[in-house]
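**Student:** Using only what follows, build the 3D model:
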Amino acid sequence: MSILKSMVGGLAGACVLTLVHETVRRTIPNAPRMDILGMQAIAKGLRMTGHTPPQSEEKLHTWAMVGDVVSNSLYYSFAGTGSSALKVGAVLGAAAGAGAVLLPGPLGLSEEPSNRTPETQAMTVGLYLLGGLVAGVVGSLIGNDEDEA
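**Tutor:** Alright, predicted model coming up:
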């Protein structure tokens with residue numbers, strides 16, 4: 001049951017991250033464009049396996065959004081439950097944010113979506129940190145139910 005509870009926290013963090021990112025990218029200049037990185041990663045991965053990426057940018061964007069929520073849910077679920085979930089969630093979020101800023105170039109993806117300006121870099125780290133914190137808070141609250149039982 002605690003794996004399921006951890007997944008709930010991870011899903012909460014991933015959903016908040018995605019919702020805030022989608023809002024920020026539509027309203028703030030120099031906002032991170034992690035959706036573009038996701039689209040690039042899917043297209044590159046498909047090409048590497050001999051498949052053709054979707055021709056429709058809308059379809060590729062949908063795939064990227066689904067992939068982001070699924071992968072971030074799994075990642076943030078490592079925050080777990082209980083009293084340490086918030087600390088672990090914060091570390092996971094900060095690490096994901098740093099990776100989102102530092103890794104696109106070495107992975108052969110465009111650096112611009114997360115590195116355009118110092119403001120973009122800070123927002124990128126902040127968004128992922130937010131997701132980790134939400135996962136940790138939810139995991140901590142769920143874990144408190146286990147402590148009381």
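**Student:** C-alpha from now on. contacts and neighbour counts both.
**Tutor:** Noted.
**Student:** What ranges does the chain have for its helices?
**Tutor:** With DSSP state H, the ranges of helices along the chain come out as 2-27, 34-48, 57-76, 85-102, 112-115, 118-148.
**Student:** Show me the shaky parts of this protein.
**Tutor:** Where the chain drops to pLDDT under 70, the residues are 1, 144-149.
**Student:** at 90 what do you get?
**Tutor:** Residue ranges of the chain with pLDDT under 90: 1-3, 82-83, 142-149.
**Student:** Just give me the residue closest to the centre of it.
**Tutor:** N72 (4.4 Å; CA atoms, centre = their mean).
**Student:** looking at it, that one is touching V16, isn't it?
**Tutor:** No - in terms of CA atoms under 8 Å, N72 does not count as a neighbour of V16; the distance is 10.5 Å.
**Student:** I'd like to know how many residues surround H61.
**Tutor:** A count of neighbours around H61, defined by other CA atoms under 10 Å, yields 18.
**Student:** Could you do Q55 as well?
**Tutor:** 9.
**Student:** Then I3?
**Tutor:** Other residues close to I3 by other CA under 10 Å number 12.
**Student:** do you know how far it is from Y75?
**Tutor:** As for I3, its distance to Y75 is 13 Å (criterion: CA to CA, to the nearest Å).
**Student:** what does P118 give?
**Tutor:** Here the criterion is CA to CA. By it, P118 lies 25 Å from Y75.
**Student:** higher neighbour count, those two?
**Tutor:** Neighbours were counted for P118 and for Y75 using other CA under 10 Å; Y75 has more, 21 against 11.
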